[in-house]
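S.K.: based on what follows, work out the 3D shape:
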Amino acid sequence: MKLVLGTFAREGIEALLGSDLSAGVRRALRHYTARENSAVAGCLDRRWLQRLGDDGADLELSLDSETEKALERRAREYGGVAVEELAAHAVLVYLAERDVQLTASAR
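M.R.: Next up, the predicted model:
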């Protein structure tokens, strides 16, 4: 899968999970596909994704078949969103959820 991640997503993954961007993105995608519901999972906005990906760099990523199938299923549920767009969205959802968790635990 070819995924375009903007600077925000790349730096977020690296800050949370280290410099192995591919491993961090795989972890984010597995987390996203394992969740049935998420507070922000349903707010896919292509215009927002395009803005965040304007300065993006391509990342060639191989996924396990279970994660790939789950992403394809979710993309169909969103009305035919491209799997690559959904994957970029999933990374942002993961970062948002981690931020909420870290903020809550710091209180």
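
S.K.: list the contacts for residue 98?
M.R.: Residues counted as contacts of residue 98 (CB atoms under 8 Å, 6 or more residues apart in numbering) are residue 16. Every residue, glycine included, has its C-beta placed from N, CA and C.

S.K.: can you tell me how far it is from residue 17?
M.R.: The spacing between residue 98 and residue 17, counted by CB to CB, to the nearest Å, is 9 Å.

S.K.: repeat for residue 102
M.R.: As judged by CB to CB, residue 102 and residue 17 stand 13 Å apart.

S.K.: in terms of neighbours, single out the busier of these two.
M.R.: residue 17 (17 against 10; other CB atoms under 10 Å).

S.K.: can you tell me the closest non-neighbouring residue to the more buried one?
M.R.: Distances taken as CB to CB, 6 or more residues apart in numbering place residue 24 nearest to residue 17, at 3.7 Å, with adjacent residues excluded.

S.K.: before we move on, what about residue 12?
M.R.: Looking at residue 12 with CB to CB, 6+ apart, the closest residue is residue 95, at 4.3 Å.
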